[in-house]
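*Asks:* heads up, no residue letters with this:
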């Protein structure tokens, strides 16, 4: 009678052991990957917190004194001037944001709808999408040169539409700058819509436009709003294009109210230009360093308020989509 030899492992046992080893290896790799992501997130948040704290500490001497006076103040040649403030920069940044919202967002979403829903998939449209993606990575100073040659230089457009070095030129330039980003993010949001939603609408007799208006756009709205939020933040924070199209870096006599559209064709400044100017002037007047830090805080609050409004709209559409 033969006895089974000790230490012999059957093929089934080998296969089971191999599956266990592979499963354990994948689990370890997954944990390492998650830990790496959390570590990268923690480092990013730490750097952000350090920067915010540093800016708040530097700008606290001005913000703790009379923050509203700083918000309503104007450009001054001395940092100790009690009328020093950022109202003119806020006026410029506000209207730049309005130009971006009125021009780049509708145009970008419409272009994304056409490319994703109506345009034929051929070499031309593939080339067009490649160009759009490349334009999203072009440095902002190149768009500034484009705005300088089209909206500021002496031509029919500048004489009759923009008024040369004006807030209109700045708004149009930055709207063109963020347009590729809006198109790309809107396309990705439209492509994320499940095909079942579209097919169900077609099944009950809806037309293509009915499907886009009633199903595709409401479902993709949160993603579209996220993309517009990012593009708006970039437009408000750009300084190089503004300098090229004529943003004021010195004194400025005009002090328009926030809804005064008559000043859109006048000389202007904006928050990024103002911060850069004060940072440069801190070499001769150390007090401008604190003013620049305080202006950064004001700009962050301004961007945060715009982002909150976009987030509220996004959450509203997400609730409608889930119901």
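*Replies:* Okay, I see it. Small disclaimer: the values here were computed from a predicted structure and weren't measured. Numbers count the residues shown, from 1 in each chain.

*Asks:* just for the stretch 151-300 of the chain, where's the confidence low?
*Replies:* Across the stretch 151-300 of the chain, the ranges flagged by pLDDT under 70 are 250-251, 253.

*Asks:* how about the helices in it?
*Replies:* 156-157, 167-191, 195-203, 208-211, 217-237, 240-244, 271-281, 287-322 (DSSP state H, counting those that start in this stretch).

*Asks:* out of those, nearest to residue 49?
*Replies:* helix 287-322 (13.1 Å; C-beta to C-beta). Bear in mind the C-beta positions are built from the backbone N, C-alpha and C, glycine included.

*Asks:* chain center to the closest one, what's the gap?
*Replies:* Mean-position distance between helix 287-322 and its chain equals 11 Å (C-alpha atoms, centre = their mean, to the nearest Å).

*Asks:* counting contacts, what elements does that helix pack onto?
*Replies:* helix 11-63, helix 67-72, helix 87-99, helix 217-237, helix 271-281 (3 or more C-beta pairs under 8 Å, 6 or more residues apart in numbering; DSSP states H and E).

*Asks:* okay if I get the ones you listed as JSON lines plus distance to residue 114 and mean neighbour count?
*Replies:* Shown next, in JSON lines, are the helices and strands packed on helix 287-322 (distance: least, C-beta to C-beta, whole Å; neighbours: other C-beta atoms under 10 Å):
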{"stretch": "helix 11-63", "distance to residue 114": "36", "mean neighbour count": "11"}
{"stretch": "helix 67-72", "distance to residue 114": "42", "mean neighbour count": "15"}
{"stretch": "helix 87-99", "distance to residue 114": "22", "mean neighbour count": "22"}
{"stretch": "helix 217-237", "distance to residue 114": "13", "mean neighbour count": "21"}
{"stretch": "helix 271-281", "distance to residue 114": "33", "mean neighbour count": "22"}
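
*Asks:* need the contact list for residue 93.
*Replies:* 236, 270, 271, 272, 299, 302 (C-beta atoms under 8 Å, 6 or more residues apart in numbering).

*Asks:* Please verify my assumption that the fifth one contacts residue 238.
*Replies:* Just to be clear, that refers to residue 299. No: counting by C-beta atoms under 8 Å, residue 299 does not reach residue 238; the two are 11.8 Å apart.

*Asks:* Common neighbours of those two, please.
*Replies:* residue 272.
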